[in-house]
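> what's the 3D shape of this:
(2 chains)
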Amino acid sequence: MSVEATPLWEFVDITKAYPGVLANDKVCIKLLEGSIHGLLGENGCGKSTMIKTLSGVQQPDSGKILFKGNEVEITDPQDARDKGIATVFQEFSIVPTLSVGENIFLGNMPRSRFGMIDWKKIHSDAAAVLKEMEVDIPTEAIVGHLSVGEQQLVEIAKAIAIDARMIILDEPTAALGMDEIERLHQLLRKMRSRGTAILYVSHRLDEVERIVDEVTILRGGRVVRASGQTEIKIAQIVKAMVGEDIAEHYPKEHNATGDIVLQATGLSTKSGVADATLILHKGEVLGLGGVLGSGRTEIARALFGVDPLLKGEVKLNSKTVRFRSEMEAIQAGLALVPENRKFDGLFFNFRASGNITAASLGRISKLGVLDLKAEERGTHKLIEELEISKQAEEKTVNYLSGGNQQKIVIARWLFSDADVLIFDEPTQGIDIGAKIAVYKLINALTRAGKSIILISSDHDELLAMSDRIAVVEQGTIKRIVEATKLTHGDLVRASADIPHQPATVAHA
Amino acid sequence: MKRIIDAQLIGPFAAMAIVALIVALTTERFLNPSNLSNLSLQVCIVALIAIGASIVIFAAGIDLSSGSMVALLTMLLAEALKFMRVPLALAAPLMLVVGALLGLVLGVITAYGRIPAFITTLAALIGFRGLALTMNNGSPIFSLDPALEPLFYGQLFGVPLAFFYLVAFYCLAAFMMNFTKLGREIYAVGGNPAAAQLTGINVRRVRATTFVIAGFMTAVGALLMAARLNSGSPNYGQTMELQAIAAAVVGGASLAGGRGNILATLMGAMTIVIVQNGLNLNAAPSSVQNIVLGLIILLAVGVDMWRAEISEILSKLFGRSASSKAT
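Numbering: from 1, shown residues only, chains lettered A, B, ... in the order given. Got it, this is the predicted structure:
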């Protein structure tokens, strides 16, 4: 792409202040036709603020917006759409109870002559859009029944339906499995070849490396690397984002021993776990790899007593256990750090202390009265150790960044002294610095003799942080392999097209 | 102490102080000792019931049943005292137990039967009053027991007993909410039930427990109601549930659950009663009182909802930087 070409959109010296914070300080971004532009930076660097300005949700305090070289204003989100800007926010804006077709044309449903909604046209137009995307979803399907990945595609179909010339994607792959990410990337490449400008915001640097053409990196509200100033290499990008060299992205320690802590044999549940068998050793990180919907989370839920077992046996420290609820699993020393910390993990009405002690209230109370001093002491210690923002002691956790929030959810299980921890996507949506902190935490836990089951869609992370990896497919564990003997490619293949592959490795 | 007297109390306290100041300035008789002790009598019953209403709300539930439960319980007490000749010393504690049991039934239906609290307690609101009307052919029962009235009107060291009830029960409730495992679990369940479940909190039991507490506190209120009028009636306690909820809401409790301070509920109840008292002293009709009460509720929730905008306006006015964050 030539530097001389007039950008489709150019944002010059965009400044936006919130009370007490300069969120964007003279940020400049040029978005070219037919180019995928990565907007990167740690949590709190000003990305979200920038996206809100670009999509018309808010007005900048100062700065210029140029559309094909002419100065314009984006007054509100509708105005942005009219000008051909479509934004796919991290939190979807689809209506789960409506059909695919209705969602795609929500807000501008085609009408017939008498002002009635033209259902035929909705579905035929929607089908045309989906066909163009090479996506095979029936337009009558109710969106709430689709997989998260398909919902994401419907979001993008909305953008294509309004003929957007520029698409902003905020963390588009946070909820997607590997094959779905690949599908999304193919679609983006296709849109790029048609001249659409794409702004791609993601914490998953491995993806960024693969898909973007240029990057702009923000730090502390300012542009630290403008387009073309940095190589699109993870190491370079991380350095610019964090502002310092990161010696080791994945500081893996090997602490696995030969002692068996947890042994599950032939687990089956109604939720789709089918004859899953695994062994977890003391100090080990056992990774569960597989696509979204392969049954990784369901296996975790079965171990944790959330979904009742139809068949199979779980042995904890060589004693057979049968958990009828989460409560019993927690009492036995298991812990589940759920995938969605916002919905299933955090108490936003509590400060760090209430969040950290929530699973240990029995231990810190006598005759039902809480030992608040012990709570404060324990919280303070963990906040220091895990380098959680000091604010967490005074403020409720909704004021904290995603990274700090995730550390607090994990700290809860450090405080509870659980022996077996199940981490479901522990680094989703948090920045590099916080990710490394989580990895170090995993090391500290295994060093202390705890065992971890790690579920992650980030294959690099899974490969680097696990001792062994169990490949999960259709609710069962196909094989368990040493992590060092697998590659990214193996996992993608295992995820994407195992049906075509003969099973060459015996069941573990 | 720092923990109980937190920022959540400042707003409701300020609201109460402002209302009291306005009433004191406009109404001569407001600060008379007799009026002030009358005030504690007026606030007592609703404020005690509001303890239960608030605790249910903290766990993200709602209790619409208390007003009708008051009627039912006063009738049960009246029947026991007057027709079954049960001594007061037995009937009164028994009444508290029955209240807690009725709460347990509602709690179990809600928590274990998975029927929304609004529906369970709406059904109880209608049903309990119906039950009360089946007793004594729907007529009130008067002159129950000479020992009953002093329970409400009695004084200790020249201070109405009502004042001591308030202090005792609110201290107990504040202790429970701030210093006990149960209190913490109630806030946790109200704040995020899914997370509470995954941290091993017995969510259903906690929810049911809040209704037991509410039933018990309603029974305490009903006992005092019967004592006040030395009678039982199927018409007692009308709209009492709404006043109790209003007290919690004016005190800043979030109906979404997880947020609220029990002492602020007392402030909320006082605010409402002071306004009613002021209007009474100025001979305003009850219609006006209702309109004002409605406006107070709207204003209280509005101030909470528009907190961000208000602080922005204030910071612009006074040039102070409020804390906020960008991502």
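
> Can I get the worst-scoring helix or strand of chain B on mean pLDDT in CSV, CA atoms only?
Sorted by mean pLDDT, DSSP states H and E, the helices and strands of chain B end with helix B:307-318, the least confident at a mean of 75. Coordinates of each C-alpha in helix B:307-318 appear next as CSV, following Å, rounded to 0.1, in the frame of the first residue of the first chain:
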residue,chain,number,x,y,z
ARG,B,307,-24.8,9.8,40.6
ALA,B,308,-22.3,10.0,37.8
GLU,B,309,-24.0,13.0,36.2
ILE,B,310,-24.4,14.8,39.5
SER,B,311,-20.8,14.3,40.4
GLU,B,312,-19.8,15.5,37.0
ILE,B,313,-21.9,18.7,37.5
LEU,B,314,-20.5,19.1,41.0
SER,B,315,-16.9,18.7,39.8
LYS,B,316,-17.5,21.2,37.1
LEU,B,317,-19.0,23.7,39.5
PHE,B,318,-16.3,23.3,42.1
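
> Show me how far that helix is from its chain's centre.
The chain centre lies 32 Å from the centre of helix B:307-318; the measure is Cα atoms, centre = their mean, to the nearest Å.

> Which parts of chain B are strands?
For chain B, strands defined by DSSP state E occupy the ranges B:141-142, B:155-156, B:159-160, B:231-232.

> So for the closest residue to chain B within the stretch 101-250 of chain A, what's the pLDDT?
The stretch 101-250 of chain A approaches chain B most closely through residue A:221 (7.1 Å), counting by Cβ to the nearest Cβ. For every residue, glycine as well, the C-beta is placed using N, CA and C. Note on residue A:221: pLDDT of 84.

> Contacts only, for it.
Listed by Cβ atoms under 8 Å, 6 or more residues apart in numbering or on different chains, the contact set of residue A:221 reads A:21-25, A:27, A:45-46, A:49, B:326.

> Residue A:56 now?
Contact analysis of residue A:56 by Cβ under 8 Å, 6+ apart lists A:74-80, A:85.

> most centrally placed residue in the chain?
I'll assume chain A. Nearest residue to the geometric centre of chain A (Cα atoms, centre = their mean): residue A:174, 3.1 Å.

> sorry, should have said chain B
For chain B, the residue nearest the mean C-alpha position is residue B:50 (0.7 Å; Cα atoms, centre = their mean).

> I figured it hits residue B:250, correct?
No. At 9.7 Å, residue B:50 and residue B:250 do not qualify as touching, with contact defined as Cβ atoms under 8 Å.

> and for those two, which residues touch both?
Joint contacts of residue B:50 and residue B:250 (Cβ under 8 Å, 6+ apart) are B:268-269.

> so residue A:165 sits right up against residue A:84, yeah?
Yes. Proximity of residue A:165 to residue A:84 meets the contact threshold set by Cβ under 8 Å, at 3.9 Å.

> For the two, list the residues in contact with both.
Taking Cβ under 8 Å, 6+ apart as the criterion, residue A:165 and residue A:84 do not both touch any residue.

> Please give the element, helix or strand, for residue A:181.
helix A:178-193 (DSSP states H and E).

> what packs against that helix?
For helix A:178-193, the packing partners by 3 or more Cβ pairs under 8 Å, 6 or more residues apart in numbering or on different chains; DSSP states H and E come out as strand A:35-40, helix A:148-161, strand A:197-201, helix A:205-211, helix A:488-496.

> again, only using 10 Å
strand A:35-40, helix A:119-132, helix A:148-161, strand A:166-170, strand A:197-201, helix A:205-211, helix A:488-496 (3 or more Cβ pairs under 10 Å, 6 or more residues apart in numbering or on different chains; DSSP states H and E).

> Just put those in JSON lines and tack on mean pLDDT and mean neighbour count.
As requested, the helices and strands packed on helix A:178-193 are exported to JSON lines (pLDDT from 0 to 100; neighbours: other Cβ atoms under 10 Å in any protein chain shown):
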{"stretch": "strand A:35-40", "mean pLDDT": "91", "mean neighbour count": "24"}
{"stretch": "helix A:119-132", "mean pLDDT": "88", "mean neighbour count": "17"}
{"stretch": "helix A:148-161", "mean pLDDT": "83", "mean neighbour count": "21"}
{"stretch": "strand A:166-170", "mean pLDDT": "90", "mean neighbour count": "23"}
{"stretch": "strand A:197-201", "mean pLDDT": "92", "mean neighbour count": "24"}
{"stretch": "helix A:205-211", "mean pLDDT": "84", "mean neighbour count": "18"}
{"stretch": "helix A:488-496", "mean pLDDT": "61", "mean neighbour count": "17"}
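
> Relative to residue A:479, which of these is closest?
Of all these, helix A:488-496 sits nearest to residue A:479, with 8.8 Å by Cβ to Cβ.

> check contacts around residue B:180.
By Cβ atoms under 10 Å, 6 or more residues apart in numbering or on different chains, residue B:180 lies in contact with A:361, A:365, A:367-370, B:186.

> my guess is residue A:125 contacts residue A:100, does it?
No. In this structure, residue A:125 is not within contact of residue A:100 by Cβ atoms under 10 Å, at 11.6 Å.

> which residues do the two both contact?
residue A:139.

> Having no further points to raise, I will conclude here.
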